[in-house]
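Undergrad: one predicted model, sequence on top.
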Amino acid sequence: MLQRIEDIDAALIDRLQHSAFKYFLKYSNPENGLVPDTSIPGVPTSIAAVGFGLSSYPVGVERGWISRGEAAERVFNTLHFFANAKQGTERHATGHRGFFYHFLHVDTGNRAWNSELSTIDTALLVAGILTAAQYFDGEDETETEIRALAKFIYERVDWRWALNKGDCISMGWKPSSGFLRWRYHGFDEAIILYTLALASPTYPIPQSSYDAFTASYSWMLFNEQPYLYAGPLFIHLFSHAWIDFRGIQDKPMLERNWDYFRNTQVVINVQRDYAERNPGQFVGYSKDIWGFTACDGPPPTRRMRGGRSPKVLGYAARGAPLGPDDGTIAPWAALGCLPYDRQAALDGTKALLTTYPNLLLEGGFPGGFNPTVQTKRPEGWVDDRTVAIDQGLIVMTVENARSDFIWRLMRKNPVIRLGLERAGFTGGWLAEEEPEELVLKAG
């Protein structure tokens, strides 16, 4: 019976991971590799979504969901576009100083809306580029060119310029107004950003920038365990999709005999505890139905269940235990935690699908849902779109849980290793020899 349960769980995991991967096959522009931000027709690409897609293609090859040749062609087309796209101060250019605008038109690749030249989203894109280049290590023309293009794109990024004469990296820049007023400091999703910037052979930032980034970390207690606080769950998952934080420590973690991997494990318990306590008395919350993070939410409404006041946040970075919270749950959250707490992830995923069997959209998780909003469906309000970065994160984190594949791949990447070492990380796999081979495990 135990084996049968394990087989059922493995089949569920595989089905949801495969459905997430299909997003990139269905919605990407094959000519330039740009990935729409969501499944809604006509939306622009998010460059972060492209990074997640580039990281997902190697998983698809190893799982047999796409041929190596087709995946390599998709990656080549993507990297060729970004290497040759217009860089400059013109309003509708694709990027500037090696960075790229957050949103681009899927057909032309030109800047969309009034979006910023985004440092974090460029970093997520570059992380995907380096992942693909690490995987496609063949000697044929396409794979050789992938590695050359990846090197060019990474080395062109002027990370030092993005400091804007300050200690920490600016969040972005616009041609009409210059640098944004905010910087990446204090714990957030930017560890991957600093890792790439520190390792640059052309425009590296100093270690003092990373020290400034960590200087304003905020710690909280959960069941007498100090943990590094950030309310939205995605902060504890994004950099972790590429970087294996198990056993490696930077200065703040070394001082507390802690690491970012164990920190994420505690955060999962914080999220579950918050949902079980449900201080806002929202509909549907439980120890197994949770997920408070940045996601879409309901539009303004006056129809709320349980006598709730009609206040919803739309798109917001929801979090636990300090909020904000309006009853909206990110349904992909539990599965996204599979590498950190397998049982909690499985219990949460199965509880969600059992309680709300009609929640899935095209076989994958929608961007969010809010059962406190009164509709004809028990799910309440349900986002009418799937979101690219959610799908890519599922592909990557599920694979890390199944086989360590992305983690093992990137432990061999010299940029990731050097960036972590320059940030002050020591111990764990950084002190060991690089693994000889990569083998996917079943289940």
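TA: Good, I have the coordinates. Numbers count the residues shown, from 1 in each chain.

Undergrad: max-length helix in the chain?
TA: helix 2-27 (DSSP state H).

Undergrad: in it, which residues are buried?
TA: I13, L16, Q17, H18, S19, A20, F21, K22, Y23, F24, L25, Y27 (16 or more other CB atoms under 10 Å). Every C-beta, even on glycine, is put in place using the N, C-alpha and C of the backbone.

Undergrad: all strands for the stretch 151-300 of the chain, in order.
TA: With DSSP state E, counting those that start in this stretch applied, the stretch 151-300 of the chain shows strands at 172-174, 178-179, 219-222, 225-228, 294-295, listed in chain order.

Undergrad: make TSV from these and add mean pLDDT to it.
TA: Output for the strands of the stretch 151-300 of the chain, formatted as TSV (pLDDT from 0 to 100):
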stretch	mean pLDDT
strand 172-174	98
strand 178-179	98
strand 219-222	98
strand 225-228	98
strand 294-295	98
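
Undergrad: of the ones you listed, which is nearest M396?
TA: Proximity to M396, assessed across those by CB to CB, is greatest for strand 294-295 (17.3 Å).

Undergrad: distance from the chain centre to the closest one, please.
TA: Relative to its chain's centre, strand 294-295 lies at 12 Å (CA atoms, centre = their mean, to the nearest Å).

Undergrad: helices or strands up against that strand?
TA: For strand 294-295, the packing partners by 3 or more CB pairs under 8 Å, 6 or more residues apart in numbering; DSSP states H and E come out as strand 316-317.

Undergrad: can you tell me what sits against the strand it packs on?
TA: For strand 316-317, contacts defined as CB atoms under 8 Å, 6 or more residues apart in numbering pick out G231, P232, T293, A294, C295, G297, P324, D326, T328.

Undergrad: ok, and the most crowded of these?
TA: Of all these, T328 has the most neighbours under the rule other CB atoms under 10 Å, reaching 30 neighbours.

Undergrad: where does pLDDT dip in this structure?
TA: Applying pLDDT under 70 to the chain flags the ranges 1-5, 310, 433-443.

Undergrad: can you show me the helices along the stretch 51-200 of the chain?
TA: Listed in chain order, the helices of the stretch 51-200 of the chain (DSSP state H, counting those that start in this stretch) span 68-84, 119-135, 141-156, 191-199.

Undergrad: CSV for the ones you listed, including distance to P378 and mean neighbour count?
TA: CSV is the format used below for the helices of the stretch 51-200 of the chain (distance: least, CB to CB, whole Å; neighbours: other CB atoms under 10 Å):
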stretch, distance to P378, mean neighbour count
helix 68-84, 39, 20
helix 119-135, 35, 27
helix 141-156, 46, 17
helix 191-199, 38, 25
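
Undergrad: hmm, back to that, ok, so of the buried residues of helix 2-27, who is nearest P206?
TA: Taking CB to CB as the measure, P206 lies nearest F24 of the buried residues of helix 2-27, at 36.4 Å.

Undergrad: show me what contacts that closest one?
TA: Taking CB under 8 Å, 6+ apart, one finds V35, G53, S56, Y57, G60, A388, Q391, G392 in contact with F24.

Undergrad: please name the nearest non-neighbouring residue to the last one.
TA: Leaving aside its sequence neighbours, G392 sits nearest to F52 (CB to CB, 6 or more residues apart in numbering; 2.4 Å).

Undergrad: that neighbour - how many residues pack around it?
TA: F52, neighbours per other CB under 10 Å, totals 29.

Undergrad: that one touches I129, doesn't it?
TA: No - taking contacts as CB atoms under 8 Å, F52 lies outside contact range of I129: 11.5 Å.

Undergrad: before we move on, back to that, now distance to T372 too, for the helices of the stretch 51-200 of the chain, in JSON lines please.
TA: Compiled in JSON lines, the helices of the stretch 51-200 of the chain are given as follows (distance: least, CB to CB, whole Å):
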{"stretch": "helix 68-84", "distance to T372": "40"}
{"stretch": "helix 119-135", "distance to T372": "31"}
{"stretch": "helix 141-156", "distance to T372": "44"}
{"stretch": "helix 191-199", "distance to T372": "34"}
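
Undergrad: nearest to Y315, out of the ones you listed?
TA: Among those, helix 119-135 comes nearest to Y315, with 15.8 Å by CB to CB.

Undergrad: distance from the chain centre to the closest one, please.
TA: That offset, for helix 119-135, works out to 11 Å (CA atoms, centre = their mean).

Undergrad: relative to helix 68-84, how tilted is that helix?
TA: With axes from the mean of the first three to the mean of the last three CA atoms, to 10 degrees as the basis, helix 119-135 and helix 68-84 are set at 140 degrees to each other.

Undergrad: can you show me the helices along the stretch 201-350 of the chain?
TA: Ranges of helices within the stretch 201-350 of the chain are 207-215, 238-242, 251-255, 260-277, 333-336, 342-355, based on DSSP H, counting those that start in this stretch.

Undergrad: ok, which of the ones you listed comes nearest F136?
TA: In terms of CB to CB, the element of the helices of the stretch 201-350 of the chain nearest to F136 is helix 238-242, at 16.3 Å.

Undergrad: residues contacting the closest one, please?
TA: Contact with helix 238-242 is made by 52, 55, 124, 127, 131, 189-192, 195, 260-261, 264, 393, 396-397, 400, 406-407, 410, 416, as judged by CB under 8 Å, 6+ apart.

Undergrad: run the last query once more with 6 Å
TA: Counting contacts by CB atoms under 6 Å, 6 or more residues apart in numbering, the residues outside helix 238-242 that touch it are A127, E189, I191, I192, L393, M396, T397, M410.

Undergrad: quick one: the last one is in a strand?
TA: Put plainly, it is M410. No - according to DSSP: H, G, I helix; E, B strand; the rest coil, the state of M410 is helix, so it is not within a strand.

Undergrad: and the closest residue to Q281 other than its chain neighbours, how far is that from P378?
TA: Distances taken as CB to CB, 6+ apart place G306 nearest to Q281, at 6.5 Å, with adjacent residues excluded. Using CB to CB, to the nearest Å, G306 is found at 13 Å from P378.

Undergrad: and for T349?
TA: Separation of T349 from P378 (CB to CB) stands at 18 Å.

Undergrad: neighbour count winner among these two?
TA: Comparing T349 with P378 by neighbour count (other CB under 10 Å), the higher total belongs to T349, at 24 against 13.

Undergrad: now do the same contact list for that one.
TA: A334, L335.

Undergrad: any idea how far it lies from I289?
TA: The gap separating T349 from I289 is 10 Å, by CB to CB.

Undergrad: just put the strands of the stretch 151-300 of the chain in CSV and tack on distance to P366.
TA: Shown next, in CSV, are those (distance: least, CB to CB, whole Å):
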stretch, distance to P366
strand 172-174, 28
strand 178-179, 35
strand 219-222, 29
strand 225-228, 29
strand 294-295, 9
